[in-house]
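Enquirer: 3D model of this:
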Amino acid sequence: MNVGSTRGGPADLALAEALLRGTAADGGLFVPARLPRVEAPRDGSLGSAAVAVLAPFFAGDRLEAALPDMVAEAFSFPAPLVPLRGKGDLALELFHGPTAAFKDYGARFLAACVRRLHRGDGTRTVLVATSGDTGSAVAAAFHRQPGVRVVLLYPDGRVSPRQAHQLGAFGDNVTALRVAGTFDDCQRMVKEAFGDPALAGLRLTSANSISLGRLLPQLAYHAHAAWSAGGTLNLVVPTGNLGNALAAVWARELGASLGEIVLATNANRTLVEYFESGVYRGRPSVATLANAMDVGDPSNFERLRWTFPDPAVLRARLRARAVSDAQISRTIQEGERRHGQVFCPHTAAGVHVLEQLRSEGAAGAWAVVATAHPAKFETIVEPLVGHPVAVPPALAVLLARPSRAEPLAVEAGALRRWLLAHAGG
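Expert: Predicted coordinates:
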């Protein structure tokens, strides 16, 4: 299936080319020519669900024959629906990959695509803005991959200590830049780089959720969860840049048995205010305990508007609620007693929203999307729960490595100058 841009024009670009380019020439985001309808596979495995969901998008593409192998590489760890104690609610655990966050699925799939598309004709630069988890997932997926270098931009002091350590722990073909600003600054700098003619020779590509190669595989675990639930499954999705939430929406449009989708945000209220008033107003982000959701102008809102061009339909198909730091802290503190689990701050925001919905009479089957392992946020979580949180083995390996990040100022041309100065590195 070919792709086009959220800003119009014909869908005449091959999917494989879009995966390498990252963003459309008109500044928009790549979108498929259409959202197809899919059916649940007879085999109930996550891998089979991924092939079923992705096959229509890759039909006729030069990566079509490689799709089963790419899925096998990316979806090599589970995405279980785990019961929460109480009213039969569920958690969709997406943190069992190498960097303990949901971003591992999409990053590994994109890396599998790029590895097959690389022609050995020079180095490609994967440029990533991260609010915490995306960067380490992309770094792990592309680490030591020939013909690729990865440059990560993250807001200095606005990610957890373990997230920061992960970002700088890879070395080799991965460089971390700690930016003296917010995630929105990082995201703006990356977008400007893609439109900068002076950087055309660096063959930039994106691995943020603006990348279609990152976004499409995320449809798979939402669809798999819905099919596994055996009926209509409602979701609460913690969200910042809207990529994972959009993936849930698209999975529902493809025919997965998903009902309501409610977005859980933190004190960055851009989406909440839009769904309340119909007015979208991006603004600078504010720092919260759920740092990966500290986004004031989510990029994927453009794709959401493309999906539902009528604002009334868009506002009818989704809801959003904001959660304060105090509510996040209380949910973490009470998580083991109320639900039998320790939650990361982002998952806790989703759990709080689900508790609100249940108290208001919400019926049916509900799952909270659990986006990251709580051990990544030990300075927040452990004081609240009163005991250490066990570190997953893959995360422990990364934390045992030395870590280094270079400083980068928030000023016009800073990223351009850095990229050009390190063009041979």
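Enquirer: Specify which residues of the stretch 301-425 of the chain, grouped into ranges, have pLDDT under the cut-off.
Expert: Within the stretch 301-425 of the chain, the ranges that satisfy pLDDT under 70 run 424-425.
Enquirer: where do the helices sit along it?
Expert: Assigned by DSSP state H, counting those that start in this stretch, the stretch 301-425 of the chain shows helices spanning 301-307, 311-317, 325-339, 345-359, 378-385, 393-399, 414-421.
Enquirer: and the last one, C-alpha only, in CSV?
Expert: Extracted as CSV, the C-alpha positions of helix 414-421 are listed here (Å, rounded to 0.1, in the frame of the first residue of the first chain):
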residue,chain,number,x,y,z
ALA,A,414,22.8,24.3,17.4
LEU,A,415,21.7,20.9,16.2
ARG,A,416,22.7,21.7,12.6
ARG,A,417,26.2,22.7,13.7
TRP,A,418,26.6,19.5,15.8
LEU,A,419,25.4,17.2,13.0
LEU,A,420,27.7,18.8,10.4
ALA,A,421,30.6,18.8,12.7
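Enquirer: Report how many residues lie close to residue 337.
Expert: When counting by other Cβ atoms under 10 Å, one arrives at 9 neighbours for residue 337. (Glycine included, C-beta is placed from N, CA and C.)
Enquirer: okay if I get the helices of the stretch 301-425 of the chain as TSV plus distance to residue 135?
Expert: Below are those laid out as TSV (distance: least, Cβ to Cβ, whole Å):
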stretch	distance to residue 135
helix 301-307	21
helix 311-317	30
helix 325-339	22
helix 345-359	16
helix 378-385	19
helix 393-399	12
helix 414-421	15
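Enquirer: Tell me which of those helices sits most buried.
Expert: Comparing the helices of the stretch 301-425 of the chain by mean neighbour count (mean count of other Cβ atoms under 10 Å), helix 345-359 ranks first with a mean of 25.
Enquirer: And that helix, what does it pack against?
Expert: strand 233-238, strand 258-265, helix 325-339, strand 365-370 (3 or more Cβ pairs under 8 Å, 6 or more residues apart in numbering; DSSP states H and E).
Enquirer: Indicate which one of these is closest to residue 407.
Expert: In terms of Cβ to Cβ, the element of the helices and strands packed on helix 345-359 nearest to residue 407 is helix 325-339, at 27.5 Å.
Enquirer: what helices or strands is the closest one leaning on?
Expert: So helix 325-339, by 3+ Cβ pairs under 8 Å, 6+ apart, packs with helix 345-359, helix 378-385.
Enquirer: need the ones you listed in JSON lines with distance to residue 37, can you?
Expert: Listed next are those as JSON lines, based on distance: least, Cβ to Cβ, whole Å:
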{"stretch": "helix 345-359", "distance to residue 37": "28"}
{"stretch": "helix 378-385", "distance to residue 37": "41"}
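Enquirer: For residue 81, which of those helices is the nearest?
Expert: Between residue 81 and the helices and strands packed on helix 325-339, the shortest separation by Cβ to Cβ is 13.9 Å, and it involves helix 345-359.
Enquirer: now could you export just the CA positions of the closest one as PDB?
Expert: C-alpha atoms of helix 345-359 as PDB (Å, rounded to 0.1, in the frame of the first residue of the first chain):
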ATOM      1  CA  PRO A 345       4.000   7.000  36.900                       C
ATOM      2  CA  HIS A 346       2.600   6.800  33.400                       C
ATOM      3  CA  THR A 347       0.700   3.600  34.000                       C
ATOM      4  CA  ALA A 348      -0.500   5.100  37.300                       C
ATOM      5  CA  ALA A 349      -2.000   8.000  35.500                       C
ATOM      6  CA  GLY A 350      -4.000   5.400  33.400                       C
ATOM      7  CA  VAL A 351      -5.000   3.400  36.500                       C
ATOM      8  CA  HIS A 352      -6.300   6.600  38.200                       C
ATOM      9  CA  VAL A 353      -8.400   7.400  35.100                       C
ATOM     10  CA  LEU A 354      -9.900   3.900  35.100                       C
ATOM     11  CA  GLU A 355     -10.700   4.200  38.800                       C
ATOM     12  CA  GLN A 356     -12.500   7.400  38.000                       C
ATOM     13  CA  LEU A 357     -14.500   5.800  35.200                       C
ATOM     14  CA  ARG A 358     -15.500   2.800  37.300                       C
ATOM     15  CA  SER A 359     -16.600   5.100  40.200                       C
END
